[in-house]
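Q: what follows is a protein structure lacking sequence information:
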DNA sequence: GGCAATCGGTACTGAAATGGTACTGTTTTA
DNA sequence: TAAAACAGTACCATTTCAGTACCGATTGCC
C-alpha cells in the first residue's frame, strides 16, 4: 500500500492533540496519554517535530511542548517532511545520477511531476483542517493542483 | 521519504517499455534487457501486472506480454495499485477498527480525504503521458483535484 | 510425439527499514 | 540540591523488501 509510515501517522495525531490544547504546554507524557501512544515514541516524534520548527520545547520542571505556530499555519506536508524527509515518489525523483537510464528516461520527470502534485495536496491541508470535524457533504474544501 | 517502492518504480519502467513496443509481444527476458532490470524481478512484476489485467500474457514458444489496453487508458494509479495494493496513506484509512481512537478521531477522515486527492493525482497521469517527452514550459497538463 | 521456450505459482533467503526500548546526559525550577 | 522534563545515543526485535530458485503448466515447432 502507498502510505506514510506509522510514525508519521502518529505525528499527526500528536500534533492535533497539541492543536486542541491551544497555548497550554504539555509534557511528552501527557501527550502520550492523550494520543494513546507509547511515551518514548511520542518523545522521539516531538524531538523531530521540534527540530523541524513545528513545535516549541521548554525544558525543566513544568516544561513540555507547544505548537510553534497557529494550527492554520502548519500543513500536513510539513509534518510528513519533518518525520520522513523530502517527499518524492521515486528514488531518482529526489537524487539524480543513480540509474543510468536518466538521459533517456521519460519516467523520471513524470514521477517528479506526480511528486509535486502530491506535495501540493499535502500542503493544502493544514493542522486546523485536521482538528475540525469532517466537512459536510457539499462543503468540500476545493483544492486545485496543477501538475507542471 | 514518502515514496512508492522500488518494485512499483520498476513496474512503471516496464510498462513504458511495453507501451513503446506497441502491439509487439515481448518476453520477460526481452523486457528485462530493455528496462535494464533483473529478469526474475521483471518476471515477478509482469505476473502481478497480468493479474491486475494491465498486461495480456501469452504462453508457450514466442509467448510474452503486451499491454492489455491503449497506453492512454492505463493510469499510474492502476500500476501502483497492482503492485502495492490499495492506495491509502494510513492504516486506518483503509482498514477500520484497528486503533480505538476511531470514534473521536478527526485525523482518520482527513487522511482519507488526502488519500483520495493523491489517488486522483495518480489517476490523472496515464502511461501515454509517461512515454511522451516531458511537457514544455507553459504546456503543463492542468489537473484539478477536489478533496471531498 | 517430443522437445524447447515461456508463463504461473510457491517458497526461500539475505538485507534493509521500521518501530520500539533502554540508558545516560543536560537544563530548568522549586 | 534534588526532581522534573527534554535531548541524545545506542540497541534490538520485527517486519518488509528485493532478489533468487525451483517446479509445474502451456504452447508452438520440428
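A: Sure thing, it's come through. Just so it is clear, the model here is predicted, and its values are computed rather than measured.
Q: so residue A:74 touches residue A:67, yeah?
A: Yes. Contact criterion Cβ atoms under 8 Å: residue A:74 and residue A:67 qualify, at 6.9 Å. (C-beta placed from N, C-alpha, C; glycine too.)
Q: look at these two and report which has more neighbours.
A: In this view residue A:74 and residue A:67 are compared by other Cβ atoms under 10 Å in any protein chain shown, and residue A:74 has more residues nearby, 24 against 19.
Q: need the per-residue pLDDT for that one.
A: On pLDDT, residue A:74 comes in at 92.
Q: which non-adjacent residue is nearest it?
A: Among residues not flanking residue A:74 along the chain, residue A:127 sits closest, at 4.3 Å (Cβ to Cβ, 6 or more residues apart in numbering or on different chains).
Q: circling back to that earlier point, what is in contact with residue A:74 and residue A:67 at once?
A: The contact sets of residue A:74 and residue A:67 overlap at A:15, A:54, A:127 (Cβ atoms under 8 Å, 6 or more residues apart in numbering or on different chains).
Q: let's have those residues in TSV, adding pLDDT and distance to residue B:119.
A: Converted to TSV, those look like this (pLDDT from 0 to 100; distance: Cβ to Cβ, whole Å):
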residue	pLDDT	distance to residue B:119
A:15	89	24
A:54	91	27
A:127	88	22
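Q: of those residues, buried ones?
A: Buried positions within the shared contacts of residue A:74 and residue A:67, assessed by neighbour count (16 or more other Cβ atoms under 10 Å in any protein chain shown), are A:15, A:54, A:127.
Q: from those, which ones fall inside helices?
A: Judged by DSSP state H, the subset of those located in helices is A:15, A:127.
Q: from the shared contacts of residue A:74 and residue A:67, which is closest to DNA strand D?
A: Nearest to DNA strand D among the shared contacts of residue A:74 and residue A:67 is residue A:54, at 12.1 Å by Cβ to the nearest atom of the strand.
Q: quick one: the closest one from residue A:86, how far?
A: According to Cβ to Cβ, to the nearest Å, residue A:54 and residue A:86 sit 16 Å apart.
Q: and residue A:50, by the same measure?
A: According to Cβ to Cβ, residue A:50 stands 19 Å off from residue A:86.
Q: same check on residue A:57?
A: 24 Å.
Q: which of the residues in the helix or strand harbouring residue A:116 are buried?
A: Here residue A:116, judged by DSSP states H and E, is contained in helix A:106-123. For helix A:106-123, the neighbour count (16+ other Cβ under 10 Å) marks A:106-123 as buried.
Q: what does stretch A:16-30 give?
A: Of the residues in stretch A:16-30, A:16-19, A:21, A:26-28, A:30 count as buried by neighbour count, 16+ other Cβ under 10 Å.
Q: what of stretch A:67-78?
A: In terms of neighbour count (16+ other Cβ under 10 Å), stretch A:67-78 has its buried residues at A:67-68, A:71, A:74-78.
Q: residue A:56 against residue A:46, yeah?
A: No. Here residue A:56 lies out of contact with residue A:46, judged by Cβ under 8 Å, at a distance of 10.5 Å.
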